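Enquirer: Turn this into a structure:
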Amino acid sequence: MNPMYDFIQRNRVLAKIEKAHQSKASNLELDDFDLNHFPEALLNCTELTCLNLGHNRLTSLPVQLFQLNNILNLNLEYNSLDKFPTVLKDLPNLTTLNISHNPIRSLACIGGLVNLEVLWCNSCCLQSLPEEIGNLVKLNTLGARHNQLLNLPKSICNLEKLRWLTLEDNKLHSIPKKFECLQQLIHLNLNRNNFNYIPLQLTKLKNLRYLHLQSNEIYIVPDAIISNMDYVKINLLKNPLSYPEELNRLYPNLILPGIELHNGLEDFQLDSDDSSSDDWENSLGSSELYYSHSESSSEEEEVLVEIPKLSKYLVTF
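Expert: Numbering: from 1, shown residues only. Have a look, this model is predicted:
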């Protein structure tokens, strides 16, 4: 990296941290600063509730992270963490965590984050979810797209508050027997997996409204299944389906290969998890965390002006 660029970036970070500390800010945006270590000065910002460290090069978090015990929302996506940071368990108020796009390979110790409500772990090289994920009984949103999951742990059925679940682009071919326990589930994305049938348990999810099964290996759609799911929009595009012509007329909630243009696609996003409908106004379309920018990123120019005044904090080589 260019030494001058590195110098400027580090001192921009220090200026933002100092400003947040002095103003007792609750929100701090430190994304895309090429940070390769956690700034020690950041530990003094004890009033923070939202911290964005996405798009950096962090490989670890400090053991003193407990000093930021007011953190509610933490974004660590697109870093270089090669294992799940166990120090996160020392953030007792943490409710939203985005750790997507890190090669962590395992969510070991995730069970300690018992207050989590939202967890994003997309593109993390995961081959499985640990049984202890069932400890996260407050979880309402779970995103684990683009991993290598072969199956789901039985304990996922403990997440009875789960409303939004995306497991797109994995290697799943079945769901646990007690999946029907997820009675609050509204949005389920199983696109791009290895299902060759529609699981019977899904017919018992009476709050389910959106079911994505695009790009699987489903050959038939049993009437006994879909007749009990007429309240669910079901995306079956890009499956090797064989079905009678009247199926679409009988079940207009289905989006079938070959007739999708006549089946209301304007109301149903095919390759997205965005269901911006009255059924669930809080459905999210990506793994991004949306923080308020009122105290941080909107003041970028002001921070740059402040750098000369903070000469005692400048990093020297």
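Enquirer: Could you pull out the helices in the chain for me?
Expert: Taking DSSP state H, the helices of the chain run over residues 3-23, 223-226, 247-250, 300-306.
Enquirer: will you turn the ones you listed into TSV that also has mean neighbour count and distance to residue 118?
Expert: Quick note: C-beta positions are derived from backbone N, CA and C, even for glycine. Formatted as TSV, the helices of the chain follow (neighbours: other Cβ atoms under 10 Å; distance: least, Cβ to Cβ, whole Å):
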stretch	mean neighbour count	distance to residue 118
helix 3-23	17	23
helix 223-226	14	31
helix 247-250	14	36
helix 300-306	13	27
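Enquirer: got these as a markdown table, with mean pLDDT columns?
Expert: A markdown table is the format used below for the helices of the chain (pLDDT from 0 to 100):
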| stretch | mean pLDDT |
| --- | --- |
| helix 3-23 | 89 |
| helix 223-226 | 91 |
| helix 247-250 | 88 |
| helix 300-306 | 42 |
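Enquirer: And for residue 49, the neighbour number?
Expert: Residue 49 has 18 neighbours, counted by other Cβ atoms under 10 Å.
Enquirer: Report the contact partners of it.
Expert: Shown in contact with residue 49 (Cβ atoms under 8 Å, 6 or more residues apart in numbering): 26-27, 70-73, 93.
Enquirer: likewise residue 38?
Expert: 53, 58, 60-62.
Enquirer: Go again with 7 Å.
Expert: 58, 61-62 (Cβ atoms under 7 Å, 6 or more residues apart in numbering).
Enquirer: what does residue 67 give?
Expert: Going by Cβ under 7 Å, 6+ apart, residue 67 touches 43, 46.
Enquirer: if we go to 6 Å?
Expert: residue 43 (Cβ atoms under 6 Å, 6 or more residues apart in numbering).
Enquirer: I figured residue 181 was touching residue 157, is that so?
Expert: Yes - counting by Cβ atoms under 6 Å, residue 181 does reach residue 157; the two are 4.4 Å apart.
Enquirer: Low-confidence stretches in the stretch 151-300 of the chain?
Expert: 259-300 (pLDDT under 70).
Enquirer: mind listing the strands for this protein?
Expert: 27-29, 50-52, 73-75, 96-98, 118-120, 141-143, 164-166, 187-189, 210-212, 233-235, 254-255 (DSSP state E).
Enquirer: quick revisit: out of the contacts of residue 38, who's the most crowded?
Expert: residue 61 leads the contacts of residue 38 on contacts (other Cβ under 10 Å) with 20 neighbours.
Enquirer: what's the pLDDT at the nearest residue to residue 26 once chain neighbours are set aside?
Expert: Nearest in space to residue 26, with sequence neighbours left out and distances taken as Cβ to Cβ, 6 or more residues apart in numbering, is residue 49 at 4.6 Å. Predicted confidence (pLDDT) for residue 49: 98.
Enquirer: looking at the helices of the chain, which is closest to residue 124?
Expert: Smallest distance to residue 124 across those (Cβ to Cβ): 25.4 Å, for helix 3-23.
Enquirer: Who are the packing partners of the closest one?
Expert: Judged by 3 or more Cβ pairs under 6 Å, 6 or more residues apart in numbering; DSSP states H and E, helix 3-23 is in contact with helix 300-306.
Enquirer: which residue is nearest the middle of the protein?
Expert: Centroid-nearest residue in the chain: residue 120, 2.3 Å away (criterion: Cα atoms, centre = their mean).
Enquirer: Give me the distance between that residue and residue 75.
Expert: Residue 120 is 9 Å from residue 75, where distance means Cβ to Cβ, to the nearest Å.
Enquirer: who touches both of those two?
Expert: Taking Cβ under 6 Å, 6+ apart as the contact rule, residue 120 and residue 75 both touch residue 98.
Enquirer: burial count for residue 203?
Expert: 17.
Enquirer: Can you tell me, leaving aside adjacent residues, what's nearest to it?
Expert: residue 228 (4.2 Å).
Enquirer: And for residue 81?
Expert: Spatial nearest neighbour of residue 81, excluding adjacent residues (Cβ to Cβ, 6+ apart): residue 102 at 4.2 Å.
Enquirer: Pretty sure that neighbour sits against residue 82.
Expert: No - Residue 102 is beyond contact range of residue 82, at 7.6 Å (criterion: Cβ under 6 Å).
Enquirer: Neighbour count for the two, which is higher?
Expert: Taking other Cβ under 10 Å, residue 102 and residue 82 do not tie; residue 102 has more neighbours (24 against 13).
Enquirer: how close does residue 128 sit to residue 55?
Expert: 27 Å.
Enquirer: okay, the contacts of residue 49 in JSON lines with distance to residue 142, pLDDT and neighbour count next?
Expert: Shown next, in JSON lines, are these (distance: Cβ to Cβ, whole Å; pLDDT from 0 to 100; neighbours: other Cβ atoms under 10 Å):
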{"residue": "26", "distance to residue 142": "26", "pLDDT": "98", "neighbour count": "20"}
{"residue": "27", "distance to residue 142": "24", "pLDDT": "98", "neighbour count": "19"}
{"residue": "70", "distance to residue 142": "24", "pLDDT": "97", "neighbour count": "17"}
{"residue": "71", "distance to residue 142": "20", "pLDDT": "98", "neighbour count": "23"}
{"residue": "72", "distance to residue 142": "18", "pLDDT": "98", "neighbour count": "16"}
{"residue": "73", "distance to residue 142": "16", "pLDDT": "98", "neighbour count": "20"}
{"residue": "93", "distance to residue 142": "19", "pLDDT": "96", "neighbour count": "12"}
